[in-house]
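Enquirer: pasting the sequence and the predicted model now:
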Amino acid sequence: MVEHARAGASFEDADVVSNYRYRPPYPEAIYEKLLAIAPKRGCLLDIGCGPGKVSRPLSRHFDKVIAVDPSRNMIELGQSLEDGRARNLHWIVGFAEDIDIPDRPDLIVAAASIHWMDHGRLFSRLKTYAAADHKVAVISGDAPFQPAWEADWHSFLARWVPAMTGKAFDPVGKEESWSAYKAFLDIDGSENFLSAPFEQSVEDFIRCQHSRDTFAPSRLGDRMKAFDAEIREILAPYASAGKISFTVKTKLVWGSIRS
């Protein structure tokens, strides 16, 4: 098993990046809500953008979109996908805590990324250039929501998460720890969104797991074959023609940076 020097550094691994395309899409209503809460549509800043799941589609609605991520491989993947080369979409390789943005973003989005950042440094930096009436939106959740195999899946995670991280599997505690950023925001609201049913092959579902830091190929090492085989065994009773179907629950929290 490979230990990365920095939390989240696995997202620079070519194997993790190549598997990222197998993550389920966010519910379409998320994008509509982001547009609704944006005070203006001049500039969108997407921090920890990955391959641009937010910045690419929203490039059609903002004058300028700036997408920032420390992983060059993630950005290269994003540039190869739909709208990845939009003229108004500007990619930056770097850490959101360190970059300087000459524009004044109206909407700042962090999707599945805020928990990797140093919140004190991040919000202090963002405050220096965010528009006065800005909004910050945090998106979390792209895993199956209450699938038919949930009990078996939680048992699986209860074995594998401690094996890979040394910490117990605790989805509630994990969500609470990831919410530490709220101390830096004046929260306007939060909302949960459910996707339409999403169909995916079992093999692509397994690939999706390898896009996650905990189960990155570099972490699993020689355990990867056993890990994959166990998932296949769990999902086999629920698959039809090698495919499973599930919905995704995604949470959106929004507000402004506290003065």
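Expert: Cool, got the structure.
Enquirer: contacts and neighbour counts: CA atoms only from here.
Expert: Noted.
Enquirer: what is the neighbour count of the residue nearest to D69 when sequence neighbours are not counted?
Expert: Among residues not flanking D69 along the chain, G48 sits closest, at 4.6 Å (C-alpha to C-alpha, 6 or more residues apart in numbering). The number of residues packed near G48 is 26, by other C-alpha atoms under 10 Å.
Enquirer: so who does G48 touch?
Expert: Applying C-alpha atoms under 8 Å, 6 or more residues apart in numbering, we find G48 in contact with 67-70, 95-96, 110-114.
Enquirer: run the last query once more with 10 Å
Expert: If you count contacts by C-alpha atoms under 10 Å, 6 or more residues apart in numbering, G48 has them with 67-71, 74, 93-96, 109-117.
Enquirer: can you tell me how far it is from G94?
Expert: Distance of G48 to G94, given as C-alpha to C-alpha, to the nearest Å: 9 Å.
Enquirer: pretty sure L77 belongs to a helix, no?
Expert: Yes. Counting by DSSP: H, G, I helix; E, B strand; the rest coil, L77 falls inside a helix.
Enquirer: now do the same for it: its pLDDT.
Expert: In the predicted model, L77 carries a pLDDT score of 96.
Enquirer: just D100 next, same as before
Expert: 87.
Enquirer: list the contacts for it?
Expert: Going by C-alpha under 10 Å, 6+ apart, D100 touches 125-126, 128-129.
Enquirer: skipping adjacent residues, who's closest to the residue most central in space within the chain in space?
Expert: In the chain, the residue lying closest to the centroid (C-alpha atoms, centre = their mean) is A112, at 2.6 Å. Nearest residue to A112, sequence neighbours excluded (C-alpha to C-alpha, 6+ apart): S140, at 5.1 Å.
Enquirer: repeat that for A143.
Expert: Nearest residue to A143, sequence neighbours excluded (C-alpha to C-alpha, 6+ apart): V248, at 5.8 Å.
Enquirer: in the longest helix anywhere in the chain, what's buried?
Expert: Longest helix of the chain, by residue count under DSSP state H: helix 150-165. Of all the residues in helix 150-165, those buried under the rule 16 or more other C-alpha atoms under 10 Å are 156, 160-161, 164.
Enquirer: which stretches of the stretch 101-250 of the chain form strands?
Expert: With DSSP state E, counting those that start in this stretch as the definition, the stretch 101-250 of the chain shows strands at residue ranges 107-111, 135-140, 185-194, 198-201, 243-246, 249-257.
Enquirer: report the buried residues of the longest one.
Expert: Within strand 185-194, the residues that qualify as buried are 185, 187, 193-194, counting by 16+ other C-alpha under 10 Å.
Enquirer: show me what K251 is bridged to.
Expert: S140, N192 (DSSP bridges).
Enquirer: since that was my last question, I'll sign off now.
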